[in-house]
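Student: This is a predicted model, with the sequence first.
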Amino acid sequence: MKKEHLKEIDFAEGAVLLIDKPLEWTSFDVVRKVRNLIRVKKVGHAGTLDPLATGLLVVCTGKFTKQINTYMAREKEYTGTFTIGAVTPTYDLESSPENFKPYEHITLFEIEAATHQFTGTIQQIPPAHSAIKKDGKRVYELARKGIEVQLDPRTVVISSFEIDATRLPEIAFKVVCSTGTYIRSLAHDFGQALGCGAYLSSLRRTRIGSFSVNEAITMDAFTEAMKERKADL
């Protein structure tokens, strides 16, 4: 998505924007910023990224917001890192690592073998610190109050799970999965399988269906393009 193309778009009529979400921004932060810049009320995204994740966010405007569910259902690709030897309550670095355990005895063969448990059609329990609603309330709100919530496992498909475990305790990964897959839960479950714990230490979404992050525009570049567009009017 090039800056010059943005000047010709009728956002009210409808557009699909590929945004490279910055670190520490929520997905709604991106939607709100886009809405303010293009002056169109109908703006939504096709699949949440956590604040500590970066990468591809598909943002729809105008009449194209009707297609959000279609884009959300498409296959996703992620890269990032797990850190083994500890866990966190949120399964990522939104909370501090705890319950440290030794990991030095774990072999590369064992780590590689553990990936097979999480490849194909699997059952996955979402994180307690997630935006899923239970009895009308977001479960992360209950978790922050110390209220334990039982979440039902979900069927997800992980079609590819590649790792590079040459820099322990950090494990680099690339995952291709169905919609609804929580990479945070995958990190946690992977650590449980190894017996030493693990948490998600970095995450980047690189693809949604045929949309690639290589085609995405940064928020800084998008903001600049919208200012130039306004100046040309």
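Tutor: Structure received.

Student: Next, residue 15: secondary structure please.
Tutor: For residue 15, the assignment made with DSSP: H, G, I helix; E, B strand; the rest coil gives strand.

Student: Show me what the helix or strand hosting residue 115 is packed up against.
Tutor: Assessed by DSSP states H and E, residue 115 sits inside helix 108-116. Counting contacts by 3 or more C-beta pairs under 8 Å, 6 or more residues apart in numbering; DSSP states H and E, helix 108-116 is packed against strand 154-167, helix 183-194. To be clear about C-beta, it is placed using only N, CA and C from the backbone, and glycine gets the same treatment.

Student: following it, which helix or strand comes up?
Tutor: strand 120-124.

Student: burial of the closest residue to residue 162 other than its chain neighbours, as a residue count?
Tutor: Leaving aside its sequence neighbours, residue 162 sits nearest to residue 174 (C-beta to C-beta, 6 or more residues apart in numbering; 4.5 Å). By the criterion of other C-beta atoms under 10 Å, residue 174 has 14 neighbours.

Student: Model confidence for residue 174, exactly?
Tutor: Looking at residue 174, its pLDDT stands at 98.

Student: ok but it is inside a strand, no?
Tutor: Yes. Residue 174 sits within a strand when classified using three-state DSSP.

Student: Where does the prediction get shaky in this protein?
Tutor: Within the chain, the ranges that satisfy pLDDT under 70 run 1-4, 128-150, 232-233.
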